[in-house]
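Q: Here is a sequence with its predicted model. Questions after.
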Amino acid sequence: MTAPAAPVEPLVRIRGLTTVLNGKTIFDALDLDIPRGKVTAIMGPSGTGKTTLLKHITGQMRGDAGQVRVDGQNVPELSREKLFELREKIGYLFQNSALLTDYDVFENVAFPLRQHTKLPEVLIRNIVLTKLQAVGLRGAAALMPAELSGGMARRVALARAIVFDPMLILYDEPFVGLDPIALSQVLKLIRTLNETLGITSVLVAHELEAIKQVADQVYLIANGKVVAQGDPKTIANDGSPWTRQFFGGDIDGPVPFQYPAGDYAQALGLTGAKA
Amino acid sequence: MSAQPQRNVIANALAQIGEAGLFGLTLLAAVPRSMKHARETVRQLWFVGAMSLTIIMVCGLFVGMVLGLQLYYVLSIFGGTAASGTVVAIAIYRELGPVVTALLFAGRAGTSITAEIGLMRATDQLAAMEMMAVDPIAYVAVPRYLAGLIAMPLLCAVFCALGIFGGHLVGVTWLGIDNGTFWSNMTATVDVWKDVVNGIVIKSAVFGAVVSLIAVYQGYTTPPTSEGVAYATTRTVVASSIAILALDFVLTAFLM
Amino acid sequence: MSQRNSYAVGTGLFIVLGFAALAYLATQTTSIANTHQGASYTVQAHFANIGQLKERAPVKIAGVRVGQVRSIVLDPEKEAAEVTLAIDERYSHIPDDSVAAIFTSGLLGDQYVGIQYGNSNKDVAEGGTLARTKPAQQLEEMLGKFFGAGGVADNLGGSYTLKARFSNVGALSAGAPVKMAGVPIGSVAAVHADPVRLDAEVILVIDKKYDQIPDDSAAAVFTSGLIGTQYVAIQPGGSPEMLKNGDEMVLTQSAMQLEDLIGKFLVNGSPSEQKDAPAGKQ
């Protein structure tokens, strides 16, 4: 299961990543490449560690073995300072937006600028308003996060993630809980950011229809490995049992309906009582 | 926090104290890094300190008034009501001021620090800061800790001032102890170093450091659920109260 | 941003308020408040006994605070305490025959120096000395006055003395009350051992009102309660002759030792006791 040879070095190159959390193997020698300037979607059944994978890319978590190279640097080996330098070039969109509830929308978007630069107030204002305009929320600059709908909060978080014009944006479940209008808005934004600014994007999501509209490439992860990869329009038909179950929505298959457990009859005391 | 349900209570408590202590060292190590977030410290000083002023002032006044009333009753048995100024001042400076302020501070500011940090963790705000290359220890934890450390002695001073005023109000204005006697006995006996500095400055700074540490630690390590935040808030009050009263004994023994 | 500034202003106010409270408490409610007062002039006074007087104790004239005790040192030559008083300059006209006395505020209060004006036309000079002083009253003496009617007798302007000899006075001391029928009628003026007869001679001062005491009356040293103080009780006799000033009481009963008492209770008779002592219930 090796990644196809890319003409240029991919932005993210993961080799042999192995992670064990609380005795459960999350990744088992995972190999994965994320090409520059493309939108890559990572899919998989719940609990397979898609969000964990994003955390490995940003260095929030470290694997037990293997390499995670981002823009040529091996993330697990970076010092805290180097890691922070790298993170300034990565935007991350949290599943629940994670806006700072203390600050209004404007200050939320301005937060990374204020923390890492000493730009004059006028310039900060211009940058923030530009980004807010890009997500269509310039008028909401004075609102507090509690006053925003889920879709608006996610767009504000997106504006905050792109305020430094990053090379890479990681979207963690960006489509969850959005109504169809908000979903279309977010989809359009992801596509626009990728096309106009050339930002490499990584999406973690379940919604195949949405992914078909934005993604250039899809990885399907299960049991700690990449079980399928390819073009989103064709991946559903590659014939493997994993893709058949996942995209077909079958109840049982390689991913069992039952969580691993002991013998049912014994648990009910039917056989155990007689023995 | 531990997966072993059978671990005994004492070992658990010791483990918590140890973890909190280590967390305290982490905080101290992050103090230089948080210097660039001085604005945040000022902002927290507003929430932690200035917003606690009302409760501190009201409680200080009533504590002083009760003290004045009780002392008048007891001292009048011995014909010693003239000493009530002295006793009010010494009781407030040495014990009631630092201890009651610290208990109120734990209830008012400590819980809000714990709940705020706990909710920030639960809603990924801390992780978001990490991702924006902002160290949450330096940006969230240390400013709140420092704010608590600075605010406690100031709040204690205000508490004591209102307490003395309350004692004076009851003793002199209502019960008719001579004003001059009240003050001259007080000024003749109360010592700056042994009473005011030891009580208001040293004791309350220690209490402030401990209560803030407990509050920040509980918030920072809470499980990211609403239940976890609720428990952490409760633990902040319980642990702070025990720590304040136990430390008070130790400090009193040392500072006597 | 204006939001940010309002925090800064509010926080600044809070800090200023806190420090102001601290500064006020530290300077106005403590002994520091006493050290900074206007220009003062100093006067010295020698006391035979200063009791519990301490530095910074108040100096009062007519009960009004006019200054404080600056220093207390022992003058080895005179065997007296030299007390330096710092007095506010406004009250610098103190007659040089004024009396400096050490008083106690209330029963439990601190001690202070009180100055009672004299009649002299000359004021005591800066650095001068108040010659007339009264030392501190010891609490024991005061208590003796309160409880042992000696002071009462003095105040009524008439008393007479009696002598009594005891083989053992126990813990009887000067100032102890003398009672008849349980009522204080005088006090013990002195207790001293007689080197020749090897017993204790006790001088009793009795109020003049009670001059009808028969000369065959008995004096006994009793203890009020089990652990109370001891006193002299007079049990009147039946003689027509009365005791006069300087007389000696012949019939006396010495103090019971606690050990003897307990022995009587518990052992029902010790070697020194007779067998007809109150019979036990054995």
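A: Happy to help now that I have it.

Q: any idea how far A:Arg154 is from the closest residue to A:His116 other than its chain neighbours?
A: Leaving aside its chain neighbours, A:His116 sits nearest to A:Glu88 (6.2 Å; criterion: Cβ to Cβ, 6 or more residues apart in numbering or on different chains). Heads up, the C-betas are built off the backbone N, CA and C, glycines and all. Remark: distance between A:Glu88 and A:Arg154 (Cβ to Cβ, to the nearest Å) = 21 Å.

Q: and those two? which has more neighbours close in?
A: Taking other Cβ atoms under 10 Å in any protein chain shown, A:Glu88 and A:Arg154 do not tie; A:Arg154 has more neighbours (29 against 16).

Q: What sits closest to the more buried one if chain neighbours are left out?
A: Leaving aside its chain neighbours, A:Arg154 sits nearest to A:Ser97 (5.2 Å; criterion: Cβ to Cβ, 6+ apart).

Q: what about the one you found, how many neighbours?
A: When neighbours are counted by other Cβ under 10 Å, A:Ser97 registers 24.

Q: Check the secondary structure at it for me.
A: coil (DSSP: H, G, I helix; E, B strand; the rest coil).

Q: in terms of contact, does it touch A:Met152 like I think?
A: No. Between A:Ser97 and A:Met152 there is no contact under Cβ atoms under 8 Å: 9.2 Å.

Q: Walking through the stretch 1-150 of chain A, point out its strands one by one.
A: Assigned by DSSP state E, counting those that start in this stretch, the stretch 1-150 of chain A shows strands spanning A:12-21, A:24-34, A:39-43, A:65-70, A:73-74, A:90-93.

Q: The residue in chain A that chain C sits nearest to and chain B: what is the separation?
A: In chain A, no residue comes nearer to chain C than A:Glu121, which is 7.3 Å away by Cβ to the nearest Cβ. Distance from A:Glu121 to chain B, counting by Cβ to the nearest Cβ, to the nearest Å: 14 Å.

Q: next one: C:Ile213
A: From C:Ile213 over to chain B (counting by Cβ to the nearest Cβ), the distance is 36 Å.

Q: Would you agree C:Gln230 is in contact with C:Val202?
A: No. Using Cβ under 8 Å, C:Gln230 is not in contact with C:Val202; the gap is 11.1 Å.

Q: Same question for stretch A:243-258: list its buried residues.
A: Using 16 or more other Cβ atoms under 10 Å in any protein chain shown as the test for burial, stretch A:243-258 gives A:Thr243, A:Arg244, A:Gln245, A:Phe246, A:Phe247, A:Pro254, A:Val255.

Q: any bit of the longest helix seen in chain C sitting next to chain B?
A: Scanning chain C for the longest helix, with DSSP state H as the assignment, gives helix C:2-28. Yes. Residues of helix C:2-28 are located near chain B by Cβ under 8 Å from any Cβ of the partner chain, namely C:4, C:7-8, C:10-11, C:13-15, C:17-19, C:21-22, C:24-26, C:28.

Q: quick one: average pLDDT of stretch B:177-190?
A: Across stretch B:177-190, the average pLDDT comes to 81.

Q: circling back to that earlier point, torsion angles phi and psi at the residue nearest to A:Arg154?
A: Main-chain torsions, A:Ser97, degrees, to the nearest 10: phi 70, psi -40.

Q: Check it and give its pLDDT.
A: Confidence score, pLDDT, at A:Ser97: 86.

Q: cool, and A:Leu193?
A: 86.

Q: likewise A:Thr19?
A: 88.

Q: cool, C:Gly144 as well?
A: C:Gly144 is assigned 58 on the pLDDT scale.

Q: And for B:Leu96?
A: Value listed for B:Leu96 in the pLDDT field: 94.

Q: Next: C:Lys275.
A: What the model reports as pLDDT for C:Lys275 is 45.

Q: now the helices: where do they sit in the stretch 1-150 of chain A?
A: Ranges of helices in the stretch 1-150 of chain A, per DSSP state H, counting those that start in this stretch, are A:50-58, A:80-87, A:105-116, A:121-134, A:150-161.

Q: Deepest-packed of these, please.
A: Comparing the helices of the stretch 1-150 of chain A by mean neighbour count (mean count of other Cβ atoms under 10 Å in any protein chain shown), helix A:150-161 ranks first with a mean of 24.

Q: Tell me who's in contact with residue 232.
A: No chain in the question, so chain A it is. When contacts are counted by Cβ atoms under 8 Å, 6 or more residues apart in numbering or on different chains, A:Pro232 touches A:Ala41, A:Leu208, A:Ile211, A:Lys212, A:Ala215, A:Asp216, A:Gln217, A:Val218.

Q: not what I meant, chain C
A: C:Val232 neighbours (Cβ under 8 Å, 6+ apart): C:164, C:172, C:176-179, C:188, C:202, C:204, C:219-222.

Q: Neighbour-wise, give me the winner out of the residues you listed.
A: C:Val178 (28 neighbours).

Q: Can you classify the closest residue to that one other than its chain neighbours by secondary structure?
A: Counting by Cβ to Cβ, 6+ apart, C:Val178 lies nearest to C:Gly186, which is 4.2 Å off, once chain neighbours are set aside. Secondary structure, three-state DSSP: C:Gly186 is strand.

Q: Hmm, A:Thr52 is touching A:Met61, no?
A: Yes. Under the contact definition of Cβ under 8 Å, A:Thr52 touches A:Met61, with a separation of 6.4 Å.

Q: per-domain residue ranges of chain C.
A: C:38-137, C:141-267 (automatic domain parsing).

Q: hmm, back to that, contact partners for the residue nearest to A:His116?
A: A:Pro112, A:His116, A:Phe164, A:Pro166, B:Met132, B:Ala133.

Q: what's the answer for C:Leu22, then?
A: Taking Cβ under 8 Å, 6+ apart, we find C:Leu22 in contact with B:Pro153, B:Leu154, B:Ala157, B:Val196, B:Ile200, B:Val201.

Q: List the contacts of the fourth one.
A: In this structure, B:Val196 makes contact with B:Tyr93, B:Val190, C:Leu22, C:Leu25, C:Ala26, C:Thr29, C:Thr30, judged by Cβ under 8 Å, 6+ apart.

Q: so which of the residues you listed is the most crowded?
A: B:Tyr93 (30 neighbours).

Q: Thought B:Ile202 was touching that one, still the case?
A: No. B:Tyr93 lies out of contact with B:Ile202 (Cβ under 8 Å); the separation is 11.3 Å.

Q: coming back round to it: overlap of the contact sets of A:Thr52 and A:Met61?
A: Joint contacts of A:Thr52 and A:Met61 (Cβ under 8 Å, 6+ apart) are A:Thr19.

Q: sorry, back to before: any chance of the contacts of A:Glu88 in CSV with pLDDT and distance to A:Phe175 as columns?
A: Converted to CSV, the contacts of A:Glu88 look like this (pLDDT from 0 to 100; distance: Cβ to Cβ, whole Å):
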residue, pLDDT, distance to A:Phe175
A:Pro112, 91, 24
A:His116, 88, 30
A:Phe164, 88, 24
A:Pro166, 90, 20
B:Met132, 89, 23
B:Ala133, 88, 26
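
Q: how about the buried residues of stretch A:243-258 in CSV, adding distance to C:Ile61 and secondary structure?
A: Below are the buried residues of stretch A:243-258 laid out as CSV (distance: Cβ to Cβ, whole Å; DSSP: H, G, I helix; E, B strand; the rest coil):
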residue, distance to C:Ile61, secondary structure
A:Thr243, 105, helix
A:Arg244, 108, helix
A:Gln245, 104, helix
A:Phe246, 101, helix
A:Phe247, 104, helix
A:Pro254, 103, coil
A:Val255, 99, coil
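
Q: Fine, thanks again, bye for now.
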